[in-house]
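Asks: fold the stuff below for me.
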Amino acid sequence: MKNHVWRPLFVILGVIILLLLFRTFYVPDDFGVHGDSFMYNFYRQSNEQEWKDQLVKYRDNDANYCVDCHEEEVENRSEDMHGLIACQNCHGPVLDHPEDPEALTIDTSRDLCLRCHTLLPYTTSERKRIPGIDKAEHWPGEECVTCHNPHNPSLEEM
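Replies: Residues are numbered from 1 along each chain as shown. Modelled structure (predicted):
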């Protein structure tokens, strides 16, 4: 074969050898050699303990984590469409709560409610089931919690 064929072939082989050497030193030995625990079995077994040691920031709503201390609020919320929403969507992560009650901040801002309740110009999605308001006309400058109970937001005052 002529030189114009051998040179690119050697370059390609060199790149493949470099990639294999890089992989040998970079990829941990315990990567991807374990059972059917994860998709495609590509995970590092020594990483399991690192994940177990991570602090839990969000709790599962299905486990009724909040109901132990906040039974009345959870009951009110379950009577409304807000019952479908996880508590932490509005209250934020429950990291160190209830051990440190101050860690859970309660956001009562209008912007929080408007994340879901802004009036949208289209009605072709499931989003149309959520009542929307025109923030320029519906009590501008007032916080929603002035008139609405977020756990059961009928038009009754809190």
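Asks: span of stretch 46-56 from start to end?
Replies: 20 Å (Cα to Cα, to the nearest Å).
Asks: show residues contacting that stretch.
Replies: With Cβ atoms under 8 Å, 6 or more residues apart in numbering as the contact definition, stretch 46-56 has outside contacts at Pro28, Asp30, Leu95, Asp96. (Glycine included, C-beta is placed from N, CA and C.)
Asks: do you know how far the second one is from His70?
Replies: Distance check for Asp30 against His70: by Cβ to Cβ, to the nearest Å, it reads 43 Å.
Asks: more crowded one of these two?
Replies: Using other Cβ atoms under 10 Å as the criterion, Asp30 and His70 rank with His70 on top: 16 against 13.
Asks: with Asn152 as the reference, measure out to that one.
Replies: 13 Å.
Asks: check Cys66 too.
Replies: 15 Å.
Asks: quick one, domains of the chain?
Replies: Taking automatic domain parsing as the reference, the chain has its domains at 3-43, 61-146.
Asks: highest average neighbour count across these?
Replies: Of the domains of the chain, the one with the most neighbours on average (mean count of other Cβ atoms under 10 Å) is domain 61-146, at a mean of 13.
Asks: what mean pLDDT does that one have?
Replies: Averaged across domain 61-146, pLDDT comes to 79.
Asks: then stretch 44-58?
Replies: The model assigns stretch 44-58 a mean pLDDT of 80.
Asks: now do the buried residues in it.
Replies: Within stretch 44-58, not a single residue qualifies as buried, counting by 16 or more other Cβ atoms under 10 Å.
Asks: end to end on it, go ahead and measure it.
Replies: So stretch 44-58: terminal residues 24 Å apart, Cα to Cα.
Asks: same thing with stretch 49-66?
Replies: Span of stretch 49-66 from end to end, Cα to Cα: 27 Å.
Asks: likewise stretch 89-105?
Replies: 12 Å.
Asks: shift numbering so it begins at 14
Replies: Renumbered: residue one is now 14, and that last one reads stretch 102-118.
Asks: so what touches it?
Replies: Counting by Cβ under 8 Å, 6+ apart, residues outside stretch 102-118 touching it are 68-72, 78-79, 82, 100-101, 119-120, 125, 163.
Asks: now the residues you listed as JSON lines including distance to Leu26 and secondary structure?
Replies: Listed next are these as JSON lines, based on distance: Cβ to Cβ, whole Å; DSSP: H, G, I helix; E, B strand; the rest coil:
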{"residue": "Leu68", "distance to Leu26": "48", "secondary structure": "coil"}
{"residue": "Val69", "distance to Leu26": "49", "secondary structure": "coil"}
{"residue": "Lys70", "distance to Leu26": "48", "secondary structure": "coil"}
{"residue": "Tyr71", "distance to Leu26": "49", "secondary structure": "coil"}
{"residue": "Arg72", "distance to Leu26": "54", "secondary structure": "coil"}
{"residue": "Tyr78", "distance to Leu26": "57", "secondary structure": "coil"}
{"residue": "Cys79", "distance to Leu26": "61", "secondary structure": "coil"}
{"residue": "Cys82", "distance to Leu26": "66", "secondary structure": "coil"}
{"residue": "Cys100", "distance to Leu26": "58", "secondary structure": "helix"}
{"residue": "Gln101", "distance to Leu26": "54", "secondary structure": "helix"}
{"residue": "Ile119", "distance to Leu26": "63", "secondary structure": "coil"}
{"residue": "Asp120", "distance to Leu26": "59", "secondary structure": "coil"}
{"residue": "Leu125", "distance to Leu26": "59", "secondary structure": "helix"}
{"residue": "Pro163", "distance to Leu26": "65", "secondary structure": "coil"}
